[in-house]
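Asks: what shape does this take:
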Amino acid sequence: MTTQPAAGEPSTPAGPTKPRVGPGTRTALVALAAALVGGGVAGAAVRFTSSNDAPTSTTLTTTVAAPDPVVNRSVSTDDAVYRKDAPGVVSIVATSGSQGAEGSGFVIDTAGDIITNDHVIEGASTIRVSFTNRDNVPATVVGKDPSTDVAVLRVHLPENALHPIPLGNSSTVRVGDPVLAIGNPFGLTRTATAGIISAVGRSITSPNGYNVDGAIQTDAAINHGNSGGPLLDARGAVIGINAQLPEQSGVNANVGVGFAIPINLAASVAERLIGHVPVTHPYLGITGETIDSTVTSNARVPASHGVLLAHVAAGSPAARAGLIGGSNSAVLNGQTYCLGGDAITSLDGHTITSIDQLRADLQPLHAGSRITLGVVHADQTRQTVHITLGNWTSAPKGQQASAPACR
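Replies: Model (predicted):
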């Protein structure tokens with residue numbers, strides 16, 4: 001998988017540069033449990049520079065919703081979802097000196113834990129949270145994971161002051177499902193925008209270059225300040241964290257395409273952060289591409305399905321296991337392929353049919369996990385390879401970057 005910039009969350013020019021994230025491509029680098037892919041994206045936090053402290057208007061609210069089964073996924077009940085969940089959405093102002101960022105977040109429990117994007121609070125020395133434009137309380141950082149762009153904050157308030165929003169299941173969402181986003185675009189607190197799920201299984205790139213698979217694409221309006229806010233299903237459950245806009249559009253605002261981090265991934269990361277358990281991301285260290293009919297009908301490849309290795313990073317787990325990347329490039333039906341390398345055909349006994357599947361199967365794993373790969377070498381010999389996955393965040397930066405072009 002090749003590293004690529006991706007569509008990112010909206011962020012204003014002032015202040016620190018926000019992470020870039022974007023949709024995945026056919027070729028991707030399996031760095032963690034996922035691959036790194038290209039495509040630029042801008043973050044959705046509002047950046048500001050001020051001679052004073054933060055701007056007068058607090059922004060973004062964490063959406064919290066009590067369980068309520070009244071909503072049918074096929075029936076539009078945006079007003080009911082908003083009334084139920086808006087009290088759990090918060091506005092976040094993170095400052096460092098004269099610079100700062102505004103974003104959104106949402107309450108997840110009565111202990112005062114709030115989920116937001118890591119890029120919203122990146123580099124901040126002071127973080128304050130507002131539930132309405134009339135209150136303002138300090139927040140501390142429980143933990144953060146730049147690789148998935150997830151952070152957990154905590155405020156110290158009575159339980160009856162908190163309104164947690166229930167978490168849904170992002171693995172069950174379908175294209176066309178209605179969704180509601182609540183956040184603080186441009187400092188306009190608790191703004192609701194409605195739309196549908198436009199696509200699932202997108203790949204976006206986090207601030208530190210890690211590829212986040214399974215992202216949700218929506219046409220609900222996402223703008224600067226929406227970062228960290230909830231994307232809600234028709235029952236009012238959080239299915240994603242609004243995070244990015246497509247930078248390649250050239251428009252620094254809503255263009256009908258926005259991306260949310262799937263809540264299943266975010267919740268698992270948040271749980272580890274709250275429990276002070278280290279968050280690690282598996283690293284394989286390969287660049288590869290799907291073996292499809294274009295390849296098999298126009299070139300000699302070692303297998304009829306799987307992932308053809310274009311590059312294996314020196315010193316990576318894949319390299320230590322003896323995997324070999326391609327040595328020469330060829331243009332087939334308008335696409336450039338790197339030929340001559342090994343092919344991965346299975347992972348832990350399950351058939352691999354695409355680079356996207358390989359990334360998806362790796363992403364839930366942790367650094368140190370042992371995996372078994374079915375490999376077919378260029379000479380058609382087959383081998384079962386046992387590999388211990390590395391930690392992407394501690395891998396040399398040269399190994400994390402895109403592989404050089406195949407000769």
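Asks: Three-state assignment for residue 269, please.
Replies: Put simply, residue 269 is helix when judged by DSSP: H, G, I helix; E, B strand; the rest coil.
Asks: typo on my end, it should be residue 119
Replies: Three-state assignment for residue 119 (three-state DSSP): helix.
Asks: go ahead and confirm it touches residue 207.
Replies: Yes. Under the criterion of CB atoms under 8 Å, residue 119 is in contact with residue 207, at a separation of 5.2 Å. Every C-beta, even on glycine, is put in place using the N, C-alpha and C of the backbone.
Asks: okay, those two: which has more neighbours?
Replies: Of the pair residue 119 and residue 207, residue 119 is the one with more neighbours under other CB atoms under 10 Å, namely 33 against 22.
Asks: how distant is stretch 192-205 from the center of its chain?
Replies: Its chain's C-alpha centre and that of stretch 192-205 lie 12 Å apart, by CA atoms, centre = their mean, to the nearest Å.
Asks: in that stretch, what's buried?
Replies: In terms of neighbour count (16 or more other CB atoms under 10 Å), stretch 192-205 has its buried residues at 192, 193, 194, 195, 197, 198, 200, 202, 203, 204, 205.
Asks: next: stretch 86-97.
Replies: Those would be 86, 87, 88, 89, 90, 91, 92, 93, 94, 95, 96, for stretch 86-97 by 16+ other CB under 10 Å.
Asks: what about the strands in the stretch 101-250 of the chain?
Replies: In the stretch 101-250 of the chain, the segments counted as strands under DSSP state E, counting those that start in this stretch are 113-116, 126-130, 137-138, 140-145, 150-154, 178-183, 191-205, 211-218, 230-232, 238-246.
Asks: show me what the shortest one is in contact with.
Replies: So that's strand 137-138. Strand 137-138 is contacted from outside by 126, 127, 128, 129, 130, 155, 156, 157, using CB atoms under 8 Å, 6 or more residues apart in numbering.
Asks: burial count for the first one?
Replies: The burial metric for residue 126, expressed as a neighbour count using other CB under 10 Å, is 15.
Asks: for residue 98, see how far away it is.
Replies: Using CB to CB, to the nearest Å, one gets 12 Å for the distance from residue 126 to residue 98.
Asks: about what we covered before: out of the buried residues of stretch 192-205, which comes closest to residue 349?
Replies: Closest approach to residue 349 among the buried residues of stretch 192-205 (CB to CB): residue 203, at 24.9 Å.
Asks: my read is that that closest one contacts residue 211, right?
Replies: Yes. Between residue 203 and residue 211 there is a contact under CB under 8 Å: 5.4 Å.
Asks: buried set for stretch 172-180?
Replies: For stretch 172-180, the neighbour count (16+ other CB under 10 Å) marks 173, 177, 178, 179, 180 as buried.
Asks: ok, now stretch 127-146?
Replies: Within stretch 127-146, the residues that qualify as buried by neighbour count (16+ other CB under 10 Å) are 127, 128, 129, 130, 131, 133, 139, 142, 143, 144, 145, 146.
Asks: same check on stretch 272-290?
Replies: By 16+ other CB under 10 Å, the buried positions in stretch 272-290 come out as 272-274, 279-290.
Asks: farthest pair in those?
Replies: Across those (CB to CB), the longest gap, 38.1 Å, separates 274 and 289.
Asks: tell me the helices in this structure, going along the chain?
Replies: Here the chain has its helices, by DSSP state H, at 78-85, 118-121, 263-274, 293-298, 317-320, 355-362, 397-400.
Asks: quick one: contacts for residue 111?
Replies: Residue 111 makes contact with residue 154, according to CB under 8 Å, 6+ apart.
Asks: can you report phi and psi for it?
Replies: Residue 111 adopts backbone torsions of phi -80, psi -10, taken as degrees, to the nearest 10.
Asks: flag the shaky bits of the stretch 151-300 of the chain, pLDDT-wise.
Replies: Scanning the stretch 151-300 of the chain for pLDDT under 70 picks out the ranges 247-253.
Asks: one more: the stretch 301-407 of the chain?
Replies: 395-407.
Asks: where along it do the strands fall?
Replies: Along the stretch 301-407 of the chain, counting by DSSP E, counting those that start in this stretch, strands occupy 307-312, 328-332, 335-339, 343-347, 350-351, 370-376, 382-388, 390-391.
Asks: neighbouring strands for the third one, and are they parallel or not?
Replies: This points to strand 335-339. Partner strands for strand 335-339, per DSSP bridges, with pairing direction: strand 328-332 (antiparallel).
Asks: now, which of the contacts of strand 137-138 sits nearest residue 356?
Replies: Nearest member of these to residue 356, counting by CB to CB, is residue 127, at 36.1 Å.
Asks: show me what the closest one bridges to in the sheet.
Replies: Residue 127 forms beta bridges with residue 94, as assigned by DSSP bridges.
Asks: isn't it up against residue 154?
Replies: No. Under the criterion of CB under 8 Å, residue 127 is not in contact with residue 154, lying 10.2 Å apart.
Asks: which neighbours do the two have in common?
Replies: Common neighbours of residue 127 and residue 154, using CB under 8 Å, 6+ apart, are 139, 140.
Asks: on that earlier part again, so which of the buried residues of stretch 272-290 comes closest to residue 336?
Replies: Nearest to residue 336 among the buried residues of stretch 272-290: residue 289, at 9.3 Å, using CB to CB.
Asks: and the closest one, how close does it get to residue 306?
Replies: 10 Å.
Asks: try residue 128
Replies: Distance check for residue 128 against residue 306: by CB to CB, it reads 51 Å.
Asks: residue 191 too?
Replies: Remark: distance between residue 191 and residue 306 (CB to CB) = 46 Å.
Asks: those two - which one has more neighbours?
Replies: With neighbours defined as other CB under 10 Å, residue 191 and residue 306 compare such that residue 306 has more, 28 against 23.
Asks: next, count neighbours for residue 386.
Replies: Using other CB under 10 Å, residue 386 has 9 neighbouring residues.
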